[in-house]
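**Student:** need the 3D shape of this:
(chains A, B, C, D, E and F)
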4 protein chains.
Amino acid sequence: MPKTGMEPLRRRALIDATISAIGARGSLDVTMSEIAGRAGVSSALAHHYFGAKDELLQATMRHILAELALDARAALGAASSPRERVLAVIAVNFSDKQFSAATIAAWLAFYVEAQRSPELRRLLRVYARRLHANLMSGLAALLPRPDAEQAAEAIAALIDGLYIRRALMDGVPDADTAIALLHDYLNTKLSTGSR
Amino acid sequence: MPKTGMEPLRRRALIDATISAIGARGSLDVTMSEIAGRAGVSSALAHHYFGAKDELLQATMRHILAELALDARAALGAASSPRERVLAVIAVNFSDKQFSAATIAAWLAFYVEAQRSPELRRLLRVYARRLHANLMSGLAALLPRPDAEQAAEAIAALIDGLYIRRALMDGVPDADTAIALLHDYLNTKLSTGSR
Amino acid sequence: MPKTGMEPLRRRALIDATISAIGARGSLDVTMSEIAGRAGVSSALAHHYFGAKDELLQATMRHILAELALDARAALGAASSPRERVLAVIAVNFSDKQFSAATIAAWLAFYVEAQRSPELRRLLRVYARRLHANLMSGLAALLPRPDAEQAAEAIAALIDGLYIRRALMDGVPDADTAIALLHDYLNTKLSTGSR
Amino acid sequence: MPKTGMEPLRRRALIDATISAIGARGSLDVTMSEIAGRAGVSSALAHHYFGAKDELLQATMRHILAELALDARAALGAASSPRERVLAVIAVNFSDKQFSAATIAAWLAFYVEAQRSPELRRLLRVYARRLHANLMSGLAALLPRPDAEQAAEAIAALIDGLYIRRALMDGVPDADTAIALLHDYLNTKLSTGSR
DNA sequence: AATGAATGAGCCTTCATTCAT
DNA sequence: AATGAATGAAGGCTCATTCAT
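**Tutor:** The predicted model follows:
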């Protein structure tokens, strides 16, 4: 009698293993064997569940985006003012869970890989649009429309830029400084161009 | 008298080919044959001049950084005020030459690879320090020290972030919007916290 | 239940193929593909089981030495006098199994390669020490200590020298003449310097 | 006005470089560039003078054999008795010049290579015949014909065997011990089977 | 459900060799 | 006489992927 119901467990284990493998290697240049090994299964099983490496990578990115979306939704739900909404989005992106070395490495790697994979590019666009919408859900009430748009873009760019810089140049990511910088930007922007 | 003097030409051609190959592929996952082919030579010749793939990649990055440093120096030389110095640095990073698809792809790829290659990491640090210094050479006269430092970091992060976003999500990089966003940041920052 | 238990079979087949390939080529300058082909598998599988070429070569030498040691032990076990012990050691080295063209070629090749590979050198030293010990286990009872030592060295050198000469210069190895020569040496030595 | 008369100098330098390169590497697995570099010329020049690598190797071996033959002739010329002739042959083979690490490595390497190259095999046969003749020129007067033949073979085998053993297993070749061993063999043989 | 076995394809790298100058 | 330039060929090795069990 074969064990049943293993599929979701294995899929999840393989996705987690993919993230940690990417984190350890620092790039998507990770072998299926490495991933499978970290998940404690054979590489054949990884193929069994995901078909091909690309699909595993896509599933992994989808997982990361889903987690981020979930966290964002929760944080936004707890926000009681437009300003708090923006702060919440920022906070989520630099939470311990999201701003970890492995996740950051995965982000970067996916950004690079997106140039080759239309599917990954599509996923990144979805994420970008969602981030933009989340930010606008707060900024729209605080700034005139064009200013709000630009601020949303700036914040998004700052987040990405800080990810890169913190992760690759300083070794240990420092979330507090990053958040402080974003808060400062937001404050300056609001005090100058507020409605 | 043997045919001589090919070396610098070939090295340059191979470095250019590396950039364009990375631009085309979108990652450092480029074969020596691909690079050599674009340079119009055999892969054996690439090895002859650079020894190993890693060294070619490093030489390529060194070339990109050197070009950027040269452009920055020239732009800073023409600037006649602190504010113009900052604008000059921004302008250089989004000039047609630097903000091209291939070069951006190379940047990203190098960022990722830097996690594995200490030498590339070292080069990126040099670049980061130089960018910071260039920005501070203007900002220091415009803002109090801690504010200037933070502004320099924000601008650097914005540059990197905009590189990523423009390059990977929108397809065609739009330098003007990016520059406008940075100018806006600078103006807001200066009008609020100026000395 | 996966197909299993192939590993020892393949390893053995690859080692045998290595010996025969070296025998055919006459040197260690054998490609992995050649070896794998003789074993009826892909070169990738050879790497799968042995990691790198060097390890396969070392495993092959270890195998040859182990076989020789086994044969020697058996022959010595059947010897009932000191003199017979010495004759047994000689007989083993020129038995059909050991004195075959392929094995001799492998020996020579390993001798040469030993200059570059510390591991192979170590293995050869082990073999030399064992041969010396085996010879001394007989000679010690027949000759005064220093004479016995020298005789052991001479016999070892004669064996190696005859291997080279028979294998490389005459084409077909002639074990009988070689053995006769060694017997003659032993007889002369014993009749002169016996206790 | 091109320099003339360089050919013999270059050829000799390249042959010397070949020997030292083989000595350093420990095998014939030496690149043309390595050899040319040691000779202080370009690899293209080595091809210019020798055509192909094989021919350079053959020329090198011919050189070694010629030197050995020359030394042997000189030593034999100074010998005033049959016994001294045999001792002279032995002495030459273990002279500092012949028994050096590089030359020994070359010998071994050539032995191995001879299995593949008919020309090298031919050269080795010439050497073997000459050695045999030289030894017989002394032994024939000291022992009955069949005994003399066998003694000559034994001495030749001992020389080769000692070359291998001294060179590859002990690190530093010890000529004295080797000579002593051969002298002992000769003395025992003569005292037993003398006419 | 899970895996050991096996391979084809591809990449980096080395090297002997050629050629124009 | 001599060499820098250049390449084709080949080898070791890796890895995603398939398959039988």
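
**Student:** all helices of chain A, in order?
**Tutor:** A:6-25, A:32-39, A:43-50, A:53-78, A:82-93, A:101-114, A:118-139, A:145-169, A:175-193 (DSSP state H).

**Student:** what about those, which gets the closest to B:Ala133?
**Tutor:** Ranking these by their distance to B:Ala133 (criterion: CB to CB) puts helix A:145-169 first, at 14.6 Å. The C-beta positions use only the backbone N, C-alpha and C, and glycine is treated the same way.

**Student:** and that closest one with helix B:101-114, angle?
**Tutor:** Computed with axes from the mean of the first three to the mean of the last three CA atoms, to 10 degrees, the direction of helix A:145-169 lies at 40 degrees from that of helix B:101-114.

**Student:** buried residues in helix A:145-169?
**Tutor:** Buried residues in helix A:145-169, counted by 16 or more other CB atoms under 10 Å in any protein chain shown: A:147-169.

**Student:** a markdown table for the helices of chain A, including mean pLDDT and distance to C:Leu142?
**Tutor:** Below are those laid out as a markdown table (pLDDT from 0 to 100; distance: least, CB to CB, whole Å):
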| stretch | mean pLDDT | distance to C:Leu142 |
| --- | --- | --- |
| helix A:6-25 | 94 | 64 |
| helix A:32-39 | 98 | 59 |
| helix A:43-50 | 98 | 61 |
| helix A:53-78 | 95 | 69 |
| helix A:82-93 | 97 | 87 |
| helix A:101-114 | 87 | 72 |
| helix A:118-139 | 93 | 80 |
| helix A:145-169 | 90 | 75 |
| helix A:175-193 | 90 | 83 |
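
**Student:** can you lay out those helices as JSON lines showing distance to D:Ala39?
**Tutor:** Below are those laid out as JSON lines (distance: least, CB to CB, whole Å):
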{"stretch": "helix A:6-25", "distance to D:Ala39": "45"}
{"stretch": "helix A:32-39", "distance to D:Ala39": "47"}
{"stretch": "helix A:43-50", "distance to D:Ala39": "51"}
{"stretch": "helix A:53-78", "distance to D:Ala39": "51"}
{"stretch": "helix A:82-93", "distance to D:Ala39": "64"}
{"stretch": "helix A:101-114", "distance to D:Ala39": "48"}
{"stretch": "helix A:118-139", "distance to D:Ala39": "56"}
{"stretch": "helix A:145-169", "distance to D:Ala39": "48"}
{"stretch": "helix A:175-193", "distance to D:Ala39": "61"}
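
**Student:** which residues does A:Asn134 contact?
**Tutor:** A:Asn134 makes contact with A:Ala72, A:Leu76, A:Arg85, A:Val89, according to CB atoms under 8 Å, 6 or more residues apart in numbering or on different chains.

**Student:** neighbours of the residue of chain A found nearest DNA strand E, just the number please.
**Tutor:** DNA strand E sits closest to A:Ala44 of chain A, with a gap of 3.1 Å, by CB to the nearest atom of the strand. A:Ala44 has 11 neighbours, counted by other CB atoms under 10 Å in any protein chain shown.

**Student:** quick one, what contacts it?
**Tutor:** Taking CB under 8 Å, 6+ apart, we find A:Ala44 in contact with A:Ala36.

**Student:** surely A:Ala59 and A:Ala52 touch.
**Tutor:** No: if you go by CB atoms under 8 Å, A:Ala59 and A:Ala52 don't touch, sitting 10.8 Å apart.

**Student:** neighbour count for these two, which is higher?
**Tutor:** A:Ala59 (18 against 11).

**Student:** contacting residues around that one?
**Tutor:** Shown in contact with A:Ala59 (CB under 8 Å, 6+ apart): A:Arg11, A:Ile15, A:Phe50.

**Student:** need these in a markdown table (columns: distance to B:Arg125).
**Tutor:** Below are those laid out as a markdown table (distance: CB to CB, whole Å):
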| residue | distance to B:Arg125 |
| --- | --- |
| A:Arg11 | 39 |
| A:Ile15 | 33 |
| A:Phe50 | 37 |
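
**Student:** tell me the one of those nearest chain D?
**Tutor:** Nearest to chain D among these, counting by CB to the nearest CB, is A:Phe50 at 44.8 Å.

**Student:** and for the residue lying closest to the closest one once chain neighbours are set aside, the neighbour number?
**Tutor:** Excluding the flanking residues, the one nearest A:Phe50 by CB to CB, 6 or more residues apart in numbering or on different chains is A:Leu56, at 4.1 Å. Applying other CB under 10 Å, we find 23 residues neighbouring A:Leu56.

**Student:** A:Leu56 reaches A:Ala13, doesn't it?
**Tutor:** No: in this structure, A:Leu56 is not within contact of A:Ala13 by CB under 8 Å, at 11.7 Å.

**Student:** what's the overlap in contacts for these two?
**Tutor:** In contact with both A:Leu56 and A:Ala13: no residue, using CB under 8 Å, 6+ apart.

**Student:** related to what we said a few turns ago, farthest pair in the contacts of A:Asn134?
**Tutor:** Counting by CB to CB, the most remote pair of the contacts of A:Asn134 is A:Ala72 and A:Arg85, 10.1 Å apart.

**Student:** which of these two has more neighbours?
**Tutor:** The neighbour comparison of A:Ala72 against A:Arg85 (other CB under 10 Å) goes to A:Arg85, with 23 against 20.

**Student:** ok, the more buried one - contacts?
**Tutor:** By CB under 8 Å, 6+ apart, the contact list for A:Arg85 reads A:Leu76, A:Ala79, A:Asn134, A:Ser137, A:Gly138.

**Student:** before we move on, what about A:Pro146?
**Tutor:** Residues counted as contacts of A:Pro146 (CB under 8 Å, 6+ apart): none.

**Student:** test my guess that A:Arg166 contacts A:Ile179.
**Tutor:** No: using CB under 8 Å, A:Arg166 makes no contact with A:Ile179, being 11.1 Å away.

**Student:** residues contacting A:Ser33?
**Tutor:** Listed by CB under 8 Å, 6+ apart, the contact set of A:Ser33 reads A:Ser43.

**Student:** select only the buried ones of the contacts of A:Arg85 in PyMOL?
**Tutor:** If you want just the buried ones from the contacts of A:Arg85 in PyMOL, going by 16+ other CB under 10 Å, the selection is:
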select buried, chain A and resi 76+79+134+137+138
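
**Student:** need the max-distance pair from the contacts of A:Arg85.
**Tutor:** Between any two of the contacts of A:Arg85, the greatest separation by CB to CB is 10.3 Å, found for A:Ala79 and A:Asn134.

**Student:** okay, the residue lying closest to A:Pro82 once chain neighbours are set aside: pLDDT?
**Tutor:** Once flanking residues are discounted, A:Pro82 sits nearest to A:Ala141: 3.9 Å by CB to CB, 6+ apart. Predicted confidence (pLDDT) for A:Ala141: 96.

**Student:** what is the burial count for A:Ala141?
**Tutor:** A:Ala141: 14 surrounding residues under other CB under 10 Å.

**Student:** spell out which residues of chain A are next to DNA strand E.
**Tutor:** Contacts of chain A with DNA strand E, taken as CB under 7 Å from any atom of the strand, map to A:Pro2, A:Lys3, A:Thr4, A:Met6, A:Glu7, A:Arg10, A:Val41, A:Ser42, A:Ser43, A:Ala44, A:Leu45, A:His48.

**Student:** I'd say the fifth one and A:Tyr49 touch.
**Tutor:** Yes: with contacts defined as CB under 8 Å, A:Glu7 counts as touching A:Tyr49 at a distance of 6.7 Å.

**Student:** neighbour count winner among these two?
**Tutor:** Taking other CB under 10 Å, A:Glu7 and A:Tyr49 do not tie; A:Tyr49 has more neighbours (17 against 10).

**Student:** now for the more buried one: which residues touch it?
**Tutor:** A:Glu7, A:Arg10, A:Arg11, A:Leu14.

**Student:** what distance do you get for it to chain B?
**Tutor:** Relative to chain B, A:Tyr49 is positioned 25 Å away (CB to the nearest CB, to the nearest Å).
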